[in-house]
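K.L.:
structure for the following, please:
(chains A and B)
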There are 2 protein chains.
Amino acid sequence: MQLTRPILLADRSRAERNITRMLAKAKASRVVFRPHFKTHQAAEVGSWFRALGVTAITVSSLDMACYFSRHGWSDITMAMTVNPAQIKAIKELAAEINLGILCDSPEALELIARKISNPLRLWLKIDTGYRRSGIPAADRIALARMAEILLDSPWIDTAGILSHNGLAYRCSGPRAVQALYLSTIAALNQARDFLQDRLKKKIMISIGDTPTCNLIDNFTAVDEIRPGNFVFNDLMQLAIGSCTENDLALAVACPVIGKYPRRGEIVLHGGAVHLSKEFLSGSGNKPVFGRVTTLDEQGWGGLAGSGDITSLSQEHAVVAVDPAFMETARHGRALAVIPVHSCLAVAGVRYYLCPGNGEFAAMTEPYDPTGNA
Amino acid sequence: MQLTRPILLADRSRAERNITRMLAKAKASRVVFRPHFKTHQAAEVGSWFRALGVTAITVSSLDMACYFSRHGWSDITMAMTVNPAQIKAIKELAAEINLGILCDSPEALELIARKISNPLRLWLKIDTGYRRSGIPAADRIALARMAEILLDSPWIDTAGILSHNGLAYRCSGPRAVQALYLSTIAALNQARDFLQDRLKKKIMISIGDTPTCNLIDNFTAVDEIRPGNFVFNDLMQLAIGSCTENDLALAVACPVIGKYPRRGEIVLHGGAVHLSKEFLSGSGNKPVFGRVTTLDEQGWGGLAGSGDITSLSQEHAVVAVDPAFMETARHGRALAVIPVHSCLAVAGVRYYLCPGNGEFAAMTEPYDPTGNA
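P.N.:
Okay, the predicted model is just below:
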């Protein structure tokens, strides 16, 4: 394949298999399946979920909520703690669709409660140890203050508590993830019971990360799951052990712009702006910014014999390859990069092709994070 | 300032001072000043250069060359080794403007020479030790083969040799950069003399990186300089010692979406998609993904008392701040992030405001890296 610039390749059949598998797990546990669309950020990939029966989604920003609302999604949780400067836009969107927002403190909740004047679904963001955002699960003083504000508000419908346990990304293997899941659930149960008692209503528990949702089968302890990355997976999920190579559904096609046989290196047009500078530790603790494999009209090749991206500048990647791989690479032909973190590669490259059946079908209309779409 | 999403802040007066200083150095050394526009990627910032007398520019991709050509730039070097799949588009652009392209091997040069049929300016990309792309400066076999192809081509005008010594980014302080500059020049001089002898014409030397161009004053040993980052600078240039805090001309305004006084941390809407995951080593060798300072209608505050971004996920930044800083931060109000690498922050955020005179003026029409602009 000849390409003039890097582009995303989405393997639709693998993505659909990943969606179908997660949907079946959610159904078996009778929990709401609300996949996070920040991973693919594209209406067309969204339509694959819709065709399989998904109706509720998660997004990571107000702009992304507006984008998917325009594309027919009417049940959206905005899984970022609310920015008070967005209240006006949130009210407008909540008048059109079933919108859920997040709040992480009594102070922020007071600001919101004072400003809204139409029904809004609210989740309390709970921190179970990741320490990014959320009320610490054991902070009963904060939870009690928030319950008071919620009881006073005529417009806020408290859906439940929501947690993203990013610590799962530091786990290796199913046992570590399982142990983390159990301690997370224990912490969330306490916060849920406390709030249920104060608010005298059902409080749902929503959890989110892909390592947990890929590796756990029984979700009966929670009410909703919100994985995002699972639709494509990536090298990070492979390293955690939460997917296999056959579950990788996204690559970035990058043209070869340099061959250096004596160095054993190829240079690709594809840099930090496309792949981000996310890395994994390779041999000798050296960073690996992606793995590079072959590409033809049917899709990308296996990881056996692939090359590591050993350095990455703004638009260039340097790839260490073996002599057999070097032999097959051609100036101007594209190779496939399996990214370390597929969500960030999607955000950087934004346009997709779908390989298969001997052709590549372009996808249109990606989400524009600048809000100008 | 209240913001619904992250946005770039460009300090025009500082940027103009940075441009004026570099232009004066280039004039004093009688070298061509061909700034790299991959740093700002915006026609409006380009117009600041034009108003100061700049007419020749560098870009990092064909799409960026087309964008700046549409905005009136007619002397452009595309400083990425050419992708043969782009030849058709390159021929079209070269018919309209004075376009320079790069080539890094006899094989690639042969492909190009065979396909073109109109005049094209070509630079031989030379590797002086960075080992990203380029013919090793001492590889006379490759240089001789390329000289033969060039002598045979009726269309290629060989401008000279061009190098980007990314090793300057691993230097600390002026002495290390000066020593590297001298060894780079020695290597380039040998390649230049060899080619000049073969081609019987003047071969120019073009060099590029900002640490070198910020720290060296006398460029009489070369013919052209192509710094890009210097217009904005960033934490990396500060760490190298190639700029001062007063030379920082770019920040990313990010709204506060969480305050955690007990943790001593603030959470911003502003993540890896906005800032990239580029980092510097902070105290205890922990990564720092940016520094966060105050922001008002006049611009951003000093780095004294600023907070470090200690972790970064897709759309969130966690910032360690002292109690005084915590006190002044407000939910929904924006703070200013000085990025580690300004070029990558520009690529991620894409839209600008210009603070000053009590107001922020929006800039329009950023470069669209997907080629759909």
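
K.L.:
and the residue in the stretch 201-350 of chain A positioned nearest to chain B, how far is that from residue A:75?
P.N.:
Nearest residue of the stretch 201-350 of chain A to chain B (C-beta to the nearest C-beta) works out as residue A:332 at 3.4 Å. C-betas here are computed from N, CA, C, even on glycine. To residue A:75, residue A:332 is 45 Å away according to C-beta to C-beta, to the nearest Å.

K.L.:
the two: which is more packed in?
P.N.:
Comparing residue A:332 with residue A:75 by other C-beta atoms under 10 Å in any protein chain shown, the one with more neighbours is residue A:332, at 20 against 16.

K.L.:
ok, the more buried one touching residue B:84?
P.N.:
Yes - with contacts counted by C-beta atoms under 8 Å, residue A:332 reaches residue B:84, the gap being 3.4 Å.

K.L.:
what touches both of the two?
P.N.:
A:2, B:111 (C-beta atoms under 8 Å, 6 or more residues apart in numbering or on different chains).

K.L.:
secondary structure element holding the nearest residue to residue A:244 once chain neighbours are set aside?
P.N.:
The shortest distance from residue A:244 to any non-neighbouring residue, by C-beta to C-beta, 6 or more residues apart in numbering or on different chains, is to residue A:238 (7.6 Å). Using DSSP states H and E, residue A:238 falls within helix A:235-240.

K.L.:
just residue A:259 next, same as before
P.N.:
Using DSSP H and E, residue A:259 falls within strand A:250-260.

K.L.:
strand partners of the following helix or strand past that strand, parallel vs antiparallel please.
P.N.:
Scanning forward in sequence from strand A:250-260 by DSSP H and E, the next helix or strand is strand A:265-269. Sheet pairing for strand A:265-269, assigned by DSSP bridges, gives strand A:250-260 (antiparallel), strand A:316-320 (antiparallel).

K.L.:
in JSON lines: those strands, plus mean neighbour count.
P.N.:
Listed next are the strands paired with strand A:265-269 as JSON lines, based on neighbours: other C-beta atoms under 10 Å in any protein chain shown:
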{"stretch": "strand A:250-260", "mean neighbour count": "26"}
{"stretch": "strand A:316-320", "mean neighbour count": "25"}
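
K.L.:
okay, those in a markdown table with mean pLDDT next?
P.N.:
Shown next, in a markdown table, are the strands paired with strand A:265-269 (pLDDT from 0 to 100):
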| stretch | mean pLDDT |
| --- | --- |
| strand A:250-260 | 96 |
| strand A:316-320 | 98 |
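
K.L.:
looking at the stretch 51-200 of chain A, what residue ends up closest to chain B?
P.N.:
residue A:84 (3.4 Å).

K.L.:
does that residue touch residue B:331 like I think?
P.N.:
Yes - Residue A:84 is within contact range of residue B:331, at 5.2 Å (criterion: C-beta under 8 Å).

K.L.:
mutual contacts of the two, please.
P.N.:
By C-beta under 8 Å, 6+ apart, the residues touching both residue A:84 and residue B:331 are A:108, A:111.

K.L.:
chain B contacts on the stretch 151-300 of chain A?
P.N.:
Counting by C-beta under 8 Å from any C-beta of the partner chain, the stretch 151-300 of chain A comes close to chain B at A:166, A:255-260, A:263, A:265, A:267, A:269, A:272-273, A:276-278.

K.L.:
now the two most distant members of the residues you listed.
P.N.:
Checked with C-beta to C-beta, these reach their widest spread between A:166 and A:259, with 39.2 Å between them.

K.L.:
can you give me the helices in the stretch 51-200 of chain A?
P.N.:
Using DSSP state H, counting those that start in this stretch, the helices of the stretch 51-200 of chain A run over A:62-70, A:87-96, A:106-115, A:140-152, A:174-199.
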